[in-house]
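Trainee: Sequence first, predicted coordinates after that:
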Amino acid sequence: MQTDIPVVKDIVLVGGGHAHVSVLRMFGMEPIPGVRLTLITRDIHTPYSGMLPGYVAGHYRYDEVHIDLGPLARFAGARLYHGEVDGVDLDARLVHVPGRPPVPYDLLSINTGSRPRTLDVPGALEHALPVKPIDRWLQDWEMLQRRVVDSQGEFRVAVVGGGAGGVELALCTQHRLQALLRERGDDSSRLQCELMTEGTEILPTHNAGVRRRFGRVLDERHIAVHPNSRVVRVDEKGMEIQGGDFRPADAVLWVTNAGAPEWPVQSGLAVDGEGFIQVDCELRSVSHPEVFAAGDVASLPDPRPKSGVFAVRQGPVLTENLRRAIANRPLKSYRPQRNFLGLISTGDPYAVASRGNWSWEGRLLWTWKDWIDRRFMQRFNELPEMVEDIVPDLGGIADADAIKELSTLAMRCGGCGAKVGSTVLSRVINRLPAQRRDDVLIGLDSPDDAAAFEIPPGKVMVQSVDYFRAFIDDPYTFGRIAANHALGDIFAMGAEAQSALAIATVPYGRERIVEQTLLDVMNGALDTLVPTGAVLAGGHSSEGAELAFGLTVNGLIGKEALLRKGGMQPGDLLLLTKPIGTGTLFAADMRGKAKGRWIDGAIQSMLVSNKDAAGSLYRHGATACTDVTGFGLLGHLVEMTRASECDVEIDLEALPLLDGAEQTVAAGILSSLQPQNVRLRRAVRDADALSGHARYPLLFDPQTAGGLLASVPTDRVAACIEELRKLGYSHAVQIGTVKPRTDLDAPVSVRV
Ligand SMILES: Cc1cc2nc3c(=O)[nH]c(=O)nc-3n(C[C@H](O)[C@H](O)[C@H](O)COP(=O)(O)OP(=O)(O)OC[C@H]3O[C@@H](n4cnc5c(N)ncnc54)[C@H](O)[C@@H]3O)c2cc1C
């Protein structure tokens with residue numbers, strides 16, 4: 001990451017399609033100092049279209065056909081925002097993503113693919129299985145396999161669409177489903193497949209030889225083809241064909257021509273008659289020169305079929321043009337090939353080649369296609385180690401104003417002089433939604449030298465502070481997690497969250513970029529604080545080399561009601577409300593060794609508030625409680641045993657773990673804080689005997705925004721776990737038992 005180079009320009013990539021993966025890789029190989037990339041994508045694992053039919057046919061595993069955008073974005077030094085764009089404000093240059101603040105850009109590039117057209121056919125949306133978006137189709141596909149296996153008697157699958165996608169999918173679907181039935185000793189002939197196309201023949205964009213070859217293969221496989229069959233309605237029993245015929249079907253797969261998403265036209269981008277973004281031969285929007293588009297979503301002056309092949313080919317030109325456009329240099333033209341080689345598989349390891357008027361077929365073609373596809377994927381899933389140091393030269397991208405603004409950064413003071421400028425701070429505060437609480441006498445709504453709080457009679461104020469460096473590149477999500485982490489202490493004590501003071505360090509940069517970062521992180525914190533009832537009452541911000549953020553949080557509680565670490569009773573059971581593993585996972589992420597879905601899962605877990613869990617534990621008579629954070633599970637357990645003067649026995653196999661944590665630990669990747677936590681191992685009885693266990697290191701794994709660890713009387717545990725799960729803590733589980741004190745030095749025993 002280019003942490004010490006000020007950000008001058010923002011390039012925002014929307015969609016992790018086939019062209020953008022190239023952009024990311026090439027920017028990773030050769031970053032532009034001062035240019036920040038942000039990737040906003042609906043899916044963290046983006047499917048590679050060329051291998052998709054092979055995946056359906058059962059030849060590949062999930063990870064073999066998906067590009068993991070997590071490590072790729074990290075390699076590119078890009079911020080990765082997980083979300084689905086639903087509009088762009090082209091005047092203000094902001095991308096809208098539900099659930100987070102708008103994302104500003106200097107250059108925008110769109111590569112979001114397409115969806116099947118004609119999904120507006122009555123009933124299609126509810127009853128058919130559209131192949132786009134592909135990720136959702138893959139979920140449907142898993143379900144369809146289960147349905148077929150569980151069914152009895154004839155099962156009819158109809159594929160709607162006679163293009164290459166439809167033909168290939170019909171053959172691959174049949175191949176896999178019949179194989180599944182055979183594997184279970186079932187009769188594979190009870191699966192019936194047919195193909196519906198509104199045209200007079202299949203594969204209309206391919207040559208007669210290809211059509212003839214596929215006609216033969218489909219015939220040999222007993223897949224009936226119905227030309228001139230326009231489907232006009234779908235229901236749970238089948239499809240109505242134009243003209244009145246009804247064809248029964250147990251599953252209808254929708255593979256019609258590519259259709260455009262609606263948000264580009266609604267945002268005001270120039271689109272063609274079908275809604276695809278009109279670009280010139282430089283892949284630049286014809287209406288908005290700061291916007292680029294590639295792949296299926298783009299409409300070129302000289303149109304080509306909607307195919308991943310073209311999206312892939314556009315990648316290098318798009319990369320080059322984004323580089324040139326950001327530096328105001330002339331752009332390069334993209335010249336699509338007239339003919340391209342298509343290799344279409346038949347489900348079994350066999351393929352048909354198509355190019356212009358030429359065609360061929362054979363098993364060798366499949367082997368060749370497989371080799372090409374695997375080589376392509378290798379470029380994205382096996383990334384080079386790291387790029388060389390960047391010598392900052394902002395000449396090309398920074399205009400005179402920017403250079404003047406940046407040159408003053410070098411002379412910025414430390415101490416109070418390092419504060420974010422008062423105008424920036426006050427603009428940010430003015431842009432935050434106003435909040436009020438009667439017991440916050442002076443807060444951000446009437447700022448003064450200090451905030452003032454009232455403590456209601458009979459209550460005490462509990463306070464805690466946390467502050468740490470950003471471990472993800474998304475300031476908004478980081479702000480949400482940091483606030484959640486800080487509030488954990490308040491909830492662990494059984495208190496109600498009342499107020500918070502924020503402290504932020506924002507990377508040096510141009511004023512508007514510093515302001516946006518501060519705004520994003522504060523908005524994130526607020527989006528966590530507000531639902532808990534706490535108000536942000538003030539704070540302090542400064543500039544530094546990297547983003548860091550924290551909060552002092554205040555809570556209120558009746559003096560007698562305080563829940564503490566001491567209080568565990570022998571016989572109580574130990575509950576943990578969230579899975580562990582954030583330390584090792586983010587250590588792996590920093591090295592580009594964690595899968596995107598593991599990191600996404602960890603982030604989702606860190607975003608879960610401990611508020612409701614605390615309420616439930618309290619209602620079920622918890623005798624002691626703490627939140628699991630930097631000291632790791634063991635460190636916090638030891639604190640509880642000391643304060644309670646008890647021992648505990650925990651069950652290593654029962655520990656809930658985040659997906660991927662066991663794999664990253666097995667790969668020897670541990671948090672830099674782990675060695676400090678491991679010093680406490682003497683608190684574990686027979687620690688040496690446990691050290692070879694795969695899960696053992698996770699006892700010391702430091703957690704960010706971890707769950708609550710509590711002791712609960714035995715007779716209340718089942719009801720408590722049931723309630724916790726209903727409240728959304730799906731991993732809440734009993735992990736051990738409180739025992740009478742026997743060993744002061746080694747109070748923790750671990751069962752394996
Ligand atoms: C069954 C089938 C088989 C096919 N086989 C082949 C083949 O063998 N060879 C071939 O070349 N083509 C094939 N195609 C066509 C191919 O799938 C598409 O042409 C190709 O995927 C288009 O690539 P793209 O880069 O434009 O977008 P995509 O590959 O669709 O990628 C779009 C990306 O954008 C993200 N995204 C989408 N909307 C949003 C949003 N609003 N906000 C944020 N992110 C968003 C998605 O998560 C995804 O990461 C096939 C199509 C089908 C249906």
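Mentor: Sure thing, it's come through.
Trainee: The helix or strand encompassing G524: what's the following helix or strand?
Mentor: Assessed by DSSP states H and E, G524 sits inside helix 511-532. Downstream of helix 511-532, the next assigned helix or strand under DSSP H and E is strand 535-544.
Trainee: and that next one, average pLDDT?
Mentor: The average pLDDT for strand 535-544 rounds to 89.
Trainee: helices or strands up against that strand?
Mentor: strand 440-442, strand 496-507, helix 511-532 (3 or more C-beta pairs under 8 Å, 6 or more residues apart in numbering; DSSP states H and E). (C-beta placed from N, C-alpha, C; glycine too.)
Trainee: Close to the ligand: what parts of this structure are there?
Mentor: 14-19, 40-43, 46, 49-50, 52-53, 84-85, 111-113, 131-132, 165, 168-169, 255, 295-297, 306-309, 311 (C-beta under 6 Å from any ligand atom).
Trainee: Next, the buried residues of the helix or strand V428 falls within.
Mentor: Assigned by DSSP H and E, V428 belongs to helix 422-431. Across helix 422-431, burial judged by 16 or more other C-beta atoms under 10 Å covers 424-425, 428-429.
Trainee: Equivalent analysis for stretch 726-739, please.
Mentor: 727, 729, 731-739.
Trainee: Repeat that for stretch 295-309.
Mentor: Those would be 295-300, 306-309, for stretch 295-309 by 16+ other C-beta under 10 Å.
Trainee: Give me the helix or strand of this structure that scores worst on average pLDDT.
Mentor: helix 400-407 (a mean of 65; mean pLDDT, DSSP states H and E).
Trainee: can you give me the helices in the stretch 201-350 of the chain?
Mentor: Listed in chain order, the helices of the stretch 201-350 of the chain (DSSP state H, counting those that start in this stretch) span 208-220, 263-267, 308-326.
Trainee: chain center to the last one, what's the gap?
Mentor: The chain centroid and the centroid of helix 308-326 are separated by 24 Å, computed with C-alpha atoms, centre = their mean, to the nearest Å.
Trainee: That one - contacts with which helices or strands?
Mentor: strand 9-14, helix 18-29, strand 107-110, strand 291-293.
Trainee: pLDDT on it, on average?
Mentor: 96.
Trainee: Also stretch 270-278?
Mentor: 97.
Trainee: Other residues contacting that stretch?
Mentor: 110, 114, 117, 259-262, 264-265, 269, 285-288, 291, 293, 296-299 (C-beta atoms under 8 Å, 6 or more residues apart in numbering).
Trainee: What's the PyMOL syntax to select whichever of those are buried?
Mentor: Command for PyMOL, covering only those of the contacts of stretch 270-278 found buried under the criterion 16+ other C-beta under 10 Å:
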select buried, resi 110+114+117+259+260+261+264+265+269+285+286+288+291+293+296+297+298+299
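Trainee: The closest residue to D43 other than its chain neighbours: how many residues sit nearby?
Mentor: With C-beta to C-beta, 6 or more residues apart in numbering as the criterion, D43 has its nearest non-adjacent residue at 4.8 Å, and that residue is D135. If you count neighbours by other C-beta atoms under 10 Å, D135 ends up with 14.
Trainee: mind listing the strands for the stretch 201-350 of the chain?
Mentor: Using DSSP state E, counting those that start in this stretch, the strands of the stretch 201-350 of the chain run over 224-226, 231-235, 238-241, 246-248, 251-254, 258-259, 277-278, 291-293, 298-299, 342-346, 348-355.
Trainee: scratch that, the stretch 601-750 of the chain is what I was asking about
Mentor: Using DSSP E, counting those that start in this stretch, strands in the stretch 601-750 of the chain cover 624-627, 646-651, 708-712, 733-740, 748-751.
Trainee: any chance of these in a markdown table, plus mean pLDDT?
Mentor: Shown next, in a markdown table, are the strands of the stretch 601-750 of the chain (pLDDT from 0 to 100):
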| stretch | mean pLDDT |
| --- | --- |
| strand 624-627 | 97 |
| strand 646-651 | 97 |
| strand 708-712 | 98 |
| strand 733-740 | 98 |
| strand 748-751 | 96 |
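Trainee: and E649, what does it touch?
Mentor: Counted by C-beta under 8 Å, 6+ apart, E649 has contacts 736-737, 739, 748-751.
Trainee: Look up the closest residue to it, ignoring the ones flanking it.
Mentor: S749 (4.6 Å).
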